[in-house]
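Q: Everything below, folded, please.
(4 chains)
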Protein chains: 2
Amino acid sequence: MGRRQTFDSDDVLTAVMHLFRRQGYQGTSLKDVEETTGLHPGSLYRAFGNKDSIFRAALDAYVDRVVVRRVADHLERPDDPLGGISTYFTSTFNTGRTPDPGCLVTNTAVESYALDELTSRGVRRGLDAIERGFTGAVARAQAAGQVPAAAQADRWGARLLVDYQGVLVLVRAGTPASRLQEITDDILVSLRCDPTSSWKDTTL
Amino acid sequence: MGRRQTFDSDDVLTAVMHLFRRQGYQGTSLKDVEETTGLHPGSLYRAFGNKDSIFRAALDAYVDRVVVRRVADHLERPDDPLGGISTYFTSTFNTGRTPDPGCLVTNTAVESYALDELTSRGVRRGLDAIERGFTGAVARAQAAGQVPAAAQADRWGARLLVDYQGVLVLVRAGTPASRLQEITDDILVSLRCDPTSSWKDTTL
DNA sequence: TAGATTGATGAGCATTCATTCAACTATGGA
DNA sequence: TCCATAGTTGAATGAATGCTCATCAATCTA
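A: Take a look at the predicted model:
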């Protein structure tokens, strides 16, 4: 059966994931990858193909592990859906790390202009997962009476996705957590006081 | 007095600005810069110093020209401040260009992790200009009766900045304009129906 | 017009980049 | 034990990178 692989592919992807998250695709050289993984170019190319493939594998792993887990931990909690939305936001700027690496999905969406098909699919998958998480949490918040029943959960899902991406941009720009906390508070206030039921008669 | 410079530095910065906006700092090689400006490396280095300096000059030019002008055009219109906020958003995803290059300030904030001092100052200057524009527009909207007087203009300034950055991330990710239009509409509804006056008694 | 000064040119620099591959090593089956 | 197989190694590759500088061209002053 031949020699066995001496490293764990998942461990490698985890290390590489954090590297790309900090430095971006173009800002990360293969030398960087070699140093953080302890692997030599031959092994990397045998296991993953090329730099593009390594990155896409890392992006996929990020969505599958980090994003999905964070969505589950915060946005799919059966109790207090509104509180979950709140901590989903705050956990992005209360990481302790300065500067904060932000989110690989956000960073990739911005970095790669005219992304190739596979990468943009990964980005979309991440964004969709977050949006679905928000939509579900809003729906559950409505069921729990935390959010007006007239609010449109799917609209709020898209809206919260935008808010979230915006916060991640400011996180990356080094905005103080206290300011991001204020903004998060205000977002939640808007959600709890959704005016859908009363704005139909107003004119823009 | 010696030979005269044969190119216009502002023209060069304009061209380079768009280049960096599309491709980012790391995604743009000096060869790219040479090709779009028609200048040779020697002239570029004589006029600007090095690649970093070229980028920072382009970023500064972007803030001074594009951002400030856009803020003035949309957010400082004396009539219909709310409409100005709306078009400030919509003009980011109705450019006709696909994919849309987004905003150099946003892209730079995300691309450069642990930005050097000069670059991060440029980013902050851009973000501040946008936020001040929003805050002013909200205050004027209040004066015009378009937004509840009880709303806190500066809080909404920060909030709209986040919304705006979030939209730019999705623009960059290739989100269809129709979806971004819906989100923009909802943001404006929240603003017009600011619940500040009535949410003080509710508990989080 | 001569000399001085400033800008333009682009071949060429050292370095780094992603990638390859021949030599080497471990493993399991015959 | 020997061989086929699969994984590891890291020097080597050529292309691309940011950048320099000797040379040339234009312009101003004396």
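
Q: Helices of chain A, residue ranges please.
A: Under the criterion DSSP state H, chain A contains helices at A:9-23, A:30-37, A:41-48, A:51-61, A:68-70, A:81-93, A:104-111, A:117-143, A:153-172, A:177-192, A:196-199.

Q: Of the ones you listed, which stretch is the most buried?
A: helix A:104-111 (a mean of 27; mean count of other CB atoms under 10 Å in any protein chain shown). Where C-beta positions appear, they are placed from N, C-alpha and C, glycine not excepted.

Q: Please state the offset of that helix from the chain centre?
A: A distance of 9 Å separates the centroid of the chain from that of helix A:104-111, by CA atoms, centre = their mean, to the nearest Å.

Q: Could you do stretch A:147-154 as well?
A: Worked out by CA atoms, centre = their mean, stretch A:147-154 lies 24 Å from the chain centre.

Q: same question, stretch A:4-16
A: 22 Å.

Q: and if you look at stretch A:13-20?
A: Taking mean C-alpha positions (CA atoms, centre = their mean), stretch A:13-20 and its chain are 15 Å apart.

Q: and it with DNA strand C, contact?
A: No: applying CB under 7 Å from any atom of the strand, one finds stretch A:13-20 separated from DNA strand C by no less than 11.0 Å.

Q: Contacts for that stretch next, please.
A: Contacts to stretch A:13-20, defined as CB atoms under 8 Å, 6 or more residues apart in numbering or on different chains, come from residues A:28, A:32-33, A:36-37, A:54-55, A:57-59, A:61-62, A:65-66, A:101, A:104.

Q: Between the helices of chain A, which has the poorest mean confidence score?
A: Confidence, taken as mean pLDDT, is least for helix A:196-199 of the helices of chain A (a mean of 52).

Q: Enumerate the residues of chain A near DNA strand D.
A: Near DNA strand D, when you scan chain A using CB under 7 Å from any atom of the strand, you find A:1-7, A:39-43, A:45-47.

Q: with the residues you listed in mind, which one is nearest to residue B:157?
A: residue A:39 (47.9 Å; CB to CB).

Q: neighbours around that closest one, how many?
A: Here the number of neighbours of residue A:39 (other CB atoms under 10 Å in any protein chain shown) works out to 20.

Q: Local confidence estimate at the nearest residue to it once chain neighbours are set aside?
A: Spatial nearest neighbour of residue A:39, excluding adjacent residues (CB to CB, 6 or more residues apart in numbering or on different chains): residue A:7 at 6.3 Å. According to the prediction, residue A:7 has pLDDT 97.

Q: Just give the nearest non-adjacent residue to residue A:174, would you?
A: residue A:99 (5.5 Å).

Q: got it, and residue A:156?
A: Once flanking residues are discounted, residue A:156 sits nearest to residue A:138: 4.5 Å by CB to CB, 6+ apart.

Q: dump the residue contacts of residue A:151.
A: Residue A:151 sits in contact with A:138, A:142, A:191, A:194, A:196, where contact means CB under 8 Å, 6+ apart.

Q: now those residues in CSV, with distance to residue B:165?
A: Below are those laid out as CSV (distance: CB to CB, whole Å):
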residue, distance to residue B:165
A:138, 21
A:142, 27
A:191, 19
A:194, 22
A:196, 25
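
Q: Tell me the one among those residues nearest to DNA strand C.
A: Each of the contacts of residue A:151 was checked against DNA strand C using CB to the nearest atom of the strand; the closest is residue A:138, at 41.0 Å.
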